[in-house]
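> missing the sequence, but the structure's below:
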């Protein structure tokens, strides 16, 4: 099937898609959607505030060679972590294996020259936990790099498997302001789909756009069963679940929306 018409209506009008990733994290997905025939709009529903490095953080980074594996849970995490790594390790420790949830984050670490593994199917915590590198981890020290809050599944499961897991918090998620015109678009059923890949973004959508019935009639594309459940509880009526937050999974799910337009 021709990819240039996959994300269009039956009358060949492009799907109008709200991309809600933070500023600076949307470019590649926006480009992929445009190339597939869609008309994407960027309305960030998350903002990222860097956390100040603490003495404990500094010690963790200086002792990086004590860890067998380092997990970076997102492109944001990987970029911030590499900036910190540069300050302490001109040559990263060679025995560390790096683990990410998807190809996008892996590419950032790979470009830096680090050995990295990621799941081929799906790009979430559940998929990561099926990797051979994270199954037999008894006695290992693992560093989990992430933002404040978020899910605890990785840490708790790896500890159940016998690993000693340390967490390095690099940023916090905050709710950004949006323009009145952006709010009106979200409330007016203008979009064929709103893309949501985190619980914070989902909650911020409702906080920023209010509880207009038309908002809940707009198709919502989510990246996990957990988000699908939360969206349904909030009152969204049309929810499509992608296999993950990566561009290829988002496009595949959007194709199913386009096929019904």
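That came through, no problem. Keep in mind it's a predicted model, so treat the numbers as computed, not measured.

> for stretch 42-60, measure first residue to last.
One end of stretch 42-60 sits 36 Å from the other (CA to CA, to the nearest Å).

> now do the buried residues in that stretch.
In terms of neighbour count (16 or more other CB atoms under 10 Å), stretch 42-60 has its buried residues at 42-48, 60. (C-beta placed from N, C-alpha, C; glycine too.)

> could you tell me which of those belong to strands?
Among those, the ones falling in strands (DSSP state E) are 42, 47-48.

> show residues contacting the helix or strand bottoming out on mean pLDDT in the chain.
The helix or strand of the chain with the poorest confidence is helix 247-258; it has a mean of 84 (mean pLDDT, DSSP states H and E). Applying CB atoms under 8 Å, 6 or more residues apart in numbering, the set of residues contacting helix 247-258 from outside is 6-9, 15, 17, 28-29, 32-33, 36, 38, 104, 122-123, 192-193, 195, 219, 221, 223, 240-243.

> filter the residues you listed to the buried ones?
Of the members of the contacts of helix 247-258, the ones counted as buried by neighbours, 16+ other CB under 10 Å, are 6-8, 15, 17, 29, 32-33, 36, 38, 104, 122-123, 192-193, 195, 219, 221, 223, 240-243.

> please name the bridge partners of residue 221.
Per DSSP bridges, the residues bridged to residue 221 are residue 195, residue 240.

> packing partners of the longest strand along the chain?
Of all the elements of type strand in the chain, the one with the most residues (DSSP E) is strand 164-174. The contact analysis (3 or more CB pairs under 8 Å, 6 or more residues apart in numbering; DSSP states H and E) places strand 164-174 against strand 47-50, helix 55-62, helix 75-88, strand 141-147, helix 153-160.

> how about the buried residues of stretch 42-60 in JSON lines, adding distance to residue 251 and pLDDT?
Compiled in JSON lines, those are given as follows (distance: CB to CB, whole Å; pLDDT from 0 to 100):
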{"residue": "42", "distance to residue 251": "17", "pLDDT": "96"}
{"residue": "43", "distance to residue 251": "19", "pLDDT": "96"}
{"residue": "44", "distance to residue 251": "20", "pLDDT": "96"}
{"residue": "45", "distance to residue 251": "20", "pLDDT": "95"}
{"residue": "46", "distance to residue 251": "21", "pLDDT": "93"}
{"residue": "47", "distance to residue 251": "25", "pLDDT": "93"}
{"residue": "48", "distance to residue 251": "24", "pLDDT": "92"}
{"residue": "60", "distance to residue 251": "37", "pLDDT": "97"}
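
> what is the nearest of these to residue 202?
Proximity to residue 202 was ranked across the buried residues of stretch 42-60 by CB to CB; first place goes to residue 45, at 8.1 Å.

> ok, residue 192 to residue 70 distance?
When distances are taken as CB to CB, to the nearest Å, residue 192 and residue 70 turn out to be 39 Å apart.
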